[in-house]
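Asks: Sequence and predicted structure are below.
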Amino acid sequence: MTTGQSQSGGSAGSTIRKFVFWDFPRASWPYDVVVTLILIFIFVTPRSWFRDQPRADRVVLLSSTAGSVRVYIEPGLLQNVPEKLRPHRAAELIQQRTGKLPRSVHVEPIRDQAEPEVKGFIAYTTP
């Protein structure tokens, strides 16, 4: 590259290099274009593209007393499971979470008084 090209930034490679390394003085129009493109990317890009959104635990230990454990289970994990099979499935989920298989599990749905929808499940285990 000659000295004249590097000072004027006339070549396409030089222009691309400037955009990649953001080599523009502040308050210049190319600087404003790059900032605008970044803001558009941030606010227009769908969240699903990144798939790294934090997610709350789906099985949460609420309390443990004298070997008995009370566990919250997200509704989607047990809602489509028949009621008779819920304790067995809940025991599997608790084992995956804690590493210990509970002896017996009693599962109760959590319902909102205003809505009939199940908000989650509480599983009670015995030692």
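Replies: Thanks, I have the structure now. Numbering: from 1, shown residues only.

Asks: Give me the distance from the longest helix along the chain to the chain's centre.
Replies: Identified as the longest helix of the chain according to DSSP state H is helix 29-44. Remark: helix 29-44 is offset 26 Å from the chain centroid, using C-alpha atoms, centre = their mean, to the nearest Å.

Asks: How about stretch 101-108?
Replies: 28 Å.

Asks: Flag the shaky bits of the chain, pLDDT-wise.
Replies: Along the chain, the model assigns pLDDT under 70 to residues 1-10, 52-57, 127.

Asks: quick one, helices of it?
Replies: 3-8, 12-21, 29-44, 75-78, 86-98.

Asks: Show me which positions of the last one end up buried.
Replies: Buried residues in helix 86-98, defined by neighbour count with 16 or more other C-beta atoms under 10 Å: 86-87, 89-91, 93-94. The C-beta positions use only the backbone N, C-alpha and C, and glycine is treated the same way.
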